[in-house]
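In: pasting the sequence and the predicted coordinates here, then a few questions.
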Amino acid sequence: MKLHFINLLIILLLFNCKNDGNNSEGNYAYLGGEIINPNSDFVVLLKHDVVIDTIKLDNKNRFLYKVNDLKEGLYTFYHGGEIQMVLLEPKDSLLFRLNTLEFDESLVFTGTGDKKNNYLINEFLENEIQEKKIFKFCQLKPEAYENRIDSLKAFKTNKLNTFKARYNPSPLFNKIAKANIDYSYFSSKEVYPFVHHGNNKGNILKSLPEDFYNYRKTINYNDSFLKEHYSYNSFLKYSLNNLALENHTVHSDNDTFRRSSLCYNLDRLKLIDSLIDNETLKNKLLYYFTANYLSKSTNTEKSDALLSAYLSKSSDETDKNEIKRFATSLNNLKEGGHFPNIKIVDYKNAEFDINSLIKTPTVICFWSNAFYNHFRESHYKLNELKVKYPEVRFIVINIDDFGSDKPKTSLKENRFNFKDEYQFKNPKESIEVLAIQPMTKTIVVDKHQKIVYSNANIFSMNFEEQLLGAINRK
């Protein structure tokens, strides 16, 4: 650890000692840190989705902030498109150090409160690794699958009990840590029918033991305490997928299940509306599933039907306006329509109307430093495609809104060519116009600047077939 980071810790501890004598209630906490390869010059701290403060980094990319009138619990910090959570309790003096190139993996806490937060971040990372194992286990028969995930849960529970015996953490930590284990386990149960091989999901549901979902009787689907907790939110999404599937199979005559089915997606919105009373949770879930459906739909009539259902159920006017703008942008990107003539800038600061660059079949991709792995993998894939299809132009656009220095550094460090690499002149406006969601979105345009595919993916199995279709257009 660098010397100046240790100095920051000493300063933090001195501040803490000083305040211990003057603040009998101790209703405060310190949060500070150092960010390597920052994506911006600030960190945003939030509680319950409400911004507490935007904290500037100093010239060494460090910050130190005192949270007064502390409401103990989970806080969110945001930097350059990446988010993570931290548990703050009275008199915590917590520092973190992270590298944006490996945001979660590099995150390490020191100071008062470090043990509980290092435990939670390590548990988060282990859950990400275990998710891949879970998907493989899902091919087992239900009883064998249940034995595997029961063993994983027992291992995590023993680990937590060892931590509690050694450090005697607070009841608040214990509640959060237990919820993390429980809801990760419940998610594993809920995902099984979707990942298990076979398209007849109704038969898979019927094959499950009668008590497979007994835990649902104890679930609070409106838990305001856990509404920002990652494992709880993941569980809600998986569970709503599954409960909607159960409802859908009752009235669907089709043995082959399709996630893109309008009927299934309407069933899910209806279920959210009836099951979730907490307005914050309900609106978030309605927004998430609606945006996800719209981003993948190629049928305007079905998109309009789902949008109408969403608008009738959500009470968040800001979300509703965003979804309507998103739907409008998607409609403007219909296949056969002209590609919008947005302005882009190269890394020599030369400005272009993007359509002035489209003279041949063109693939337009996007990336962000906030999704660093995607940035690298997509560029490797694009380099392969450029060799195979020299007649196609590949325009690659960084969507970040914090200048050109960071994207240039990322390209240089990975030895990627600057040719046909750009940024948006007006990122926020352009992202909305092009409805860039998800980050893997790729737009294929023919030599006449007409959209051939508005939501392709360079990693999909049929992408090269789509590309050949654009090449062969007259």
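Out: That came through fine.
In: report the buried residues of the helix or strand harbouring residue 307.
Out: Assigned by DSSP states H and E, residue 307 belongs to helix 300-313. Burial within helix 300-313, assessed by neighbour count using 16 or more other CB atoms under 10 Å, is assigned to 302, 303, 305, 306, 307, 309, 310, 313. To be clear about C-beta, it is placed using only N, CA and C from the backbone, and glycine gets the same treatment.
In: CSV for the residues you listed, including pLDDT and distance to residue 433?
Out: CSV is the format used below for the buried residues of helix 300-313 (pLDDT from 0 to 100; distance: CB to CB, whole Å):
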residue, pLDDT, distance to residue 433
302, 95, 23
303, 95, 18
305, 97, 24
306, 97, 22
307, 97, 18
309, 98, 25
310, 98, 21
313, 98, 27
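In: let me know the closest of these to residue 215.
Out: In terms of CB to CB, no member of the buried residues of helix 300-313 lies closer to residue 215 than residue 313, at 26.8 Å.
In: hang on, the closest one packs against residue 274?
Out: No. Counting by CB atoms under 8 Å, residue 313 sits too far from residue 274 to count as a contact (9.7 Å).
In: now residue 38: how far from residue 407?
Out: 13 Å (CB to CB, to the nearest Å).
In: now do residue 296
Out: 28 Å.
In: what's the answer for residue 207, then?
Out: Taking CB to CB, one finds residue 207 at 50 Å from residue 407.
In: between the two, point out the one with more neighbours.
Out: residue 407 (23 against 13; other CB atoms under 10 Å).
In: list the contacts of the more buried one.
Out: 347, 369, 398, 400, 421, 423 (CB atoms under 8 Å, 6 or more residues apart in numbering).
In: quick one, grab the pLDDT at the first one.
Out: Just to be clear, that refers to residue 347. Here the pLDDT value assigned to residue 347 is 94.
In: ok, it - contacts?
Out: Applying CB under 8 Å, 6+ apart, the residues contacting residue 347 are 404, 407, 408, 411, 418, 421, 422, 423.
In: looking at the contacts of residue 407, which gets the smallest pLDDT?
Out: residue 369 (86).
In: and for the closest residue to residue 367 other than its chain neighbours, the neighbour number?
Out: Nearest residue to residue 367 in three dimensions, chain neighbours excluded: residue 375, at 4.4 Å (CB to CB, 6 or more residues apart in numbering). Residue 375 has 23 neighbouring residues, counting by other CB under 10 Å.
In: how near is residue 375 to residue 416?
Out: In terms of CB to CB, residue 375 sits 9 Å off from residue 416.
In: try residue 243
Out: 44 Å.
In: how about the strands in the stretch 251-400 of the chain?
Out: When assigned using DSSP state E, counting those that start in this stretch, the strands of the stretch 251-400 of the chain occupy the ranges 343-346, 351-353, 362-367, 393-398.
In: with mean neighbour count and distance to residue 66 added, can I get those in JSON lines?
Out: As requested, these are exported to JSON lines (neighbours: other CB atoms under 10 Å; distance: least, CB to CB, whole Å):
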{"stretch": "strand 343-346", "mean neighbour count": "17", "distance to residue 66": "39"}
{"stretch": "strand 351-353", "mean neighbour count": "12", "distance to residue 66": "43"}
{"stretch": "strand 362-367", "mean neighbour count": "24", "distance to residue 66": "36"}
{"stretch": "strand 393-398", "mean neighbour count": "21", "distance to residue 66": "35"}
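In: possible to save these as TSV with distance to residue 50?
Out: Below are these laid out as TSV (distance: least, CB to CB, whole Å):
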stretch	distance to residue 50
strand 343-346	34
strand 351-353	38
strand 362-367	30
strand 393-398	30
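In: the nearest residue to residue 310 once chain neighbours are set aside: neighbouring residues, count only.
Out: Sequence neighbours aside, residue 290 is the residue nearest to residue 310 in space, at 4.2 Å (criterion: CB to CB, 6+ apart). Neighbourhood size, residue 290 [other CB under 10 Å]: 27.
In: ditto for residue 430
Out: Residue 430: 21 neighbours (other CB under 10 Å).
In: where does it fall, helix, sheet strand or coil?
Out: helix (DSSP: H, G, I helix; E, B strand; the rest coil).
In: what do you get for residue 97?
Out: Applying three-state DSSP: residue 97 is strand.
In: surely it meets residue 33?
Out: Yes. Under the criterion of CB under 8 Å, residue 97 makes contact with residue 33 at 6.1 Å.
In: can you list the domains in this structure?
Out: 3-112, 138-254, 258-332, 343-471 (automatic domain parsing).
In: can you tell me how far residue 37 sits from residue 77?
Out: 16 Å.
In: ok, now residue 453?
Out: The value you get for residue 453 to residue 77, if CB to CB is used, is 37 Å.
In: can you pull the poorly scored residue ranges out of this structure?
Out: 1-25 (pLDDT under 70).
In: and with 50 instead?
Out: 1-3, 6, 10-11, 14, 18, 21-24 (pLDDT under 50).
In: sheet-wise, list the partners of the longest strand seen in it with their directions.
Out: Scanning the chain for the strand with the most residues, using DSSP state E, yields strand 28-36. Here strand 28-36 has these sheet partners by DSSP bridges: strand 62-68 (antiparallel), strand 93-99 (parallel).
In: list the contacts of the very next helix or strand once past that strand.
Out: Counting by DSSP H and E, the next helix or strand C-terminal to strand 28-36 is strand 42-47. Residues from elsewhere that reach strand 42-47 (CB under 8 Å, 6+ apart): 31, 33, 35, 51-57, 63, 65, 67, 71, 73, 75-79.
In: I am finished for the moment; much appreciated.
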